[in-house]
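Enquirer: Need a 3D model of the sequence below.
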Amino acid sequence: MTEDIGRQQLFVALLPLPNFTLIAFSAFLDTIRLAADEGDHSQPVRCKWTVLAPELKPVRASCGIEIMPWETLRAPERFDYLVVAGGLLPPAGQALLPTRTRDFIRECVTKGVGVIGICTGSMALVEAGVVPQGSPCCVSWYHHADLVERFPDVDPVADRLWVATGRVITCAGGLASSDLAAHLVKRHLGGAVAQKASHIMLRDGYRPANAAQPQPSNIRPVADPRVRRAILLIEQNLSAPLRVDELAATLAMSRRQMERLFRQAIGASIQVFARDMRLSYAVWLMAERRAEQSGRIDEVALQCGFADVRHFSRQFRKAFGISPSTARQKTPAELHAMLESWWPYGTEGQFPSLRRPPP
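Expert: Presented below is the predicted three-dimensional model:
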């Protein structure tokens with residue numbers, strides 16, 4: 001996909017998979033729509049779009065809303081890009097794509113159409129065989145473990161917004177879909193058009209591909225589904241940590257049973273693990289905000305669930321041997337190296353944020 005600023009037409013086909021994520025789909029589509037004319041009239045002057053499906057039947061989003069496709073899978077050579085929008089994953093062992101859809105995606109690549117996977121649509125592209133073995137595949141940090149489990153032969157990327165490999169782009173989804181769409185608009189129609197679309201969406205601008213996702217998961221694989229869910233709950237509540245009793249009640253287990261299972265799987269108590277997760281998040285925030293030249297220590301402490309800055313400083317110094325203010329002066333690369341050498345719960349390759357190249 002070469003630079004093509006002078007083109008006055010951009011034709012995008014969107015293919016929502018069953019249980020697709022509505023925000024990823026609509027964020028991409030509305031960015032294209034707003035770039036299409038001078039105002040906000042949805043007139044396909046500079047851009048065109050269509051919605052595809054194997055059949056002309058409603059496709060249900062994960063939130064329950066249904067959309068009606070405009071046409072079936074045909075004549076892919078008309079499109080500049082095919083956007084495969086994923087969402088909720090089917091049970092393990094069940095295919096993400098029907099045969100007809102898989103074949104259509106392959107046909108698009110064969111005929112020179114750019115193919116984009118957003119949200120778990122990235123994983124659908126792997127299943128379709130258009131993401132080569134060993135190539136990077138970008139997913140949300142939330143689906144990093146799913147990608148590793150289902151497709152161990154690709155390189156999982158869960159720290160950037162999207163990754164381009166030849167004619168194939170994989171995108172984490174969510175609001176990153178709008179950033180990617182704006183990037184494509186800039187490529188084909190110019191930066192002013194992309195900026196106009198972002199401004200109408202009340203956004204200051206759009207982020208580049210290597211902008212960071214929220215801190216990706218860096219835990220080695222855990223077999224017990226109850227422990228995996230406990231880890232996920234801890235990750236999702238770093239700013240307002242759950243008490244152990246609340247965690248056990250959410251998982252319908254006794255506190256004693258949960259603590260035993262957790263120690264067997266992780267090798268540490270829940271309290272110690274949750275504290276280490278929060279400290280890990282603090283270092284990650286420092287690295288990201290150091291790159292942006294912003295972020296005070298008290299703000300980092302509060303965002304990581306430490307109401308008392310002095311307590312945060314004591315725990316930080318105990319873990320890393322230096323104070324937070326000293327760590328704050330280090331470069332992002334030095335902070336990531338410090339975290340990698342300390343983190344006790346991962347294995348090699350399980351810390352995707354460490355692979356993110358400098359801007």
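
Enquirer: if I look at the residue most central in space within the chain, how far off is residue 117?
Expert: Geometric centre of the chain, nearest residue: residue 140, 2.2 Å, by CA atoms, centre = their mean. Distance, residue 140 to residue 117, by CB to CB, to the nearest Å: 12 Å. Quick note: C-beta positions are derived from backbone N, CA and C, even for glycine.

Enquirer: cool, and residue 345?
Expert: Taking CB to CB, one finds residue 345 at 29 Å from residue 117.

Enquirer: between these two, who's got more neighbours?
Expert: residue 117 (33 against 17; other CB atoms under 10 Å).

Enquirer: What residues are bridge-paired with that one?
Expert: Beta bridges link residue 117 to residue 84, residue 170, judged by DSSP bridges.

Enquirer: who's in contact with it?
Expert: 84, 86, 123-125, 168-171 (CB atoms under 8 Å, 6 or more residues apart in numbering).

Enquirer: so what's residue 17 up against?
Expert: 59, 84-87, 96-97, 101, 120-121, 124.

Enquirer: What sits closest to residue 153 if chain neighbours are left out?
Expert: The shortest distance from residue 153 to any non-neighbouring residue, by CB to CB, 6 or more residues apart in numbering, is to residue 133 (4.6 Å).

Enquirer: Three-state assignment for that neighbour, please.
Expert: Following DSSP: H, G, I helix; E, B strand; the rest coil, residue 133 is assigned to coil.

Enquirer: quick revisit: can you report phi and psi for the residue nearest to the centre of the chain?
Expert: phi -60, psi 150 (degrees, to the nearest 10).

Enquirer: first to last residue in stretch 122-140, what's the distance?
Expert: End-to-end distance of stretch 122-140 (CA to CA, to the nearest Å): 10 Å.

Enquirer: in it, what's buried?
Expert: Using 16 or more other CB atoms under 10 Å as the test for burial, stretch 122-140 gives 122-128, 130-131, 135-140.

Enquirer: Tell me the one of the residues you listed nearest residue 324?
Expert: Comparing the buried residues of stretch 122-140 against residue 324 with CB to CB places residue 140 closest, at 28.5 Å.

Enquirer: give the contact list for that closest one.
Expert: Contacts for residue 140 (CB under 8 Å, 6+ apart) come out as 119, 158, 172-174, 213.

Enquirer: Among those, find the lowest-pLDDT one for me.
Expert: Across the contacts of residue 140, the bottom pLDDT score, 76, is held by residue 213.

Enquirer: Give me the below-cutoff pLDDT ranges for this protein.
Expert: 1-8, 214-221, 289-295, 346-359 (pLDDT under 70).

Enquirer: domain parsing for it?
Expert: 10-200, 225-355 (automatic domain parsing).

Enquirer: Residue 38 and residue 45: what is the separation?
Expert: 8 Å.

Enquirer: my bad, residue 117
Expert: Counting by CB to CB, the gap from residue 117 to residue 45 is 28 Å.

Enquirer: follow-up on the earlier one: could I get the contacts of residue 17 in CSV, plus columns for secondary structure and distance to residue 15?
Expert: Shown next, in CSV, are the contacts of residue 17 (DSSP: H, G, I helix; E, B strand; the rest coil; distance: CB to CB, whole Å):
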residue, secondary structure, distance to residue 15
59, strand, 9
84, strand, 5
85, strand, 7
86, coil, 10
87, strand, 12
96, coil, 12
97, coil, 10
101, helix, 7
120, coil, 13
121, helix, 8
124, helix, 9
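
Enquirer: Okay, strands next: where are they in the stretch 51-200 of the chain?
Expert: Using DSSP state E, counting those that start in this stretch, the strands of the stretch 51-200 of the chain run over residues 59-60, 66-67, 81-85, 114-118, 136-138, 155-157, 162-165, 168-171.

Enquirer: Please, where are all the helices along the stretch 151-300 of the chain?
Expert: 176-189, 191-200, 225-236, 244-250, 255-266, 270-292, 297-303 (DSSP state H, counting those that start in this stretch).

Enquirer: Just give me the neighbour total for residue 162.
Expert: Neighbours of residue 162 using other CB under 10 Å come to 25.

Enquirer: mind listing what the closest residue to it other than its chain neighbours touches?
Expert: Excluding its sequence neighbours, the residue lying closest to residue 162 (CB to CB, 6+ apart) is residue 171, at 3.9 Å. Shown in contact with residue 171 (CB under 8 Å, 6+ apart): 24, 116-119, 121-122, 138, 161-162, 177, 180.

Enquirer: swap in residue 134?
Expert: Residue 134 touches 153-155, counting by CB under 8 Å, 6+ apart.

Enquirer: Show me which of these is closest to residue 13.
Expert: residue 154 (24.0 Å).

Enquirer: if I look at residue 148, how far off is residue 158?
Expert: From residue 148 to residue 158 the distance is 10 Å (CB to CB).

Enquirer: And residue 137, by the same measure?
Expert: In terms of CB to CB, residue 137 sits 10 Å off from residue 158.

Enquirer: Now list whatever residues contact both of those two.
Expert: residue 147.

Enquirer: What's the local residue count around residue 302?
Expert: Residues contacting residue 302 under the criterion other CB under 10 Å number 15.

Enquirer: Now do the contacts for it.
Expert: residue 239.

Enquirer: Now for the closest residue to residue 68 other than its chain neighbours, how many residues are close by?
Expert: Leaving aside its chain neighbours, residue 68 sits nearest to residue 58 (5.5 Å; criterion: CB to CB, 6+ apart). Around residue 58 there are 12 other residues, counting by other CB under 10 Å.

Enquirer: From residue 263, how far off is the closest residue to residue 28 other than its chain neighbours?
Expert: In space, and not counting its chain neighbours, residue 28 is closest to residue 177: 4.1 Å by CB to CB, 6+ apart. Residue 177 sits 40 Å away from residue 263, going by CB to CB.
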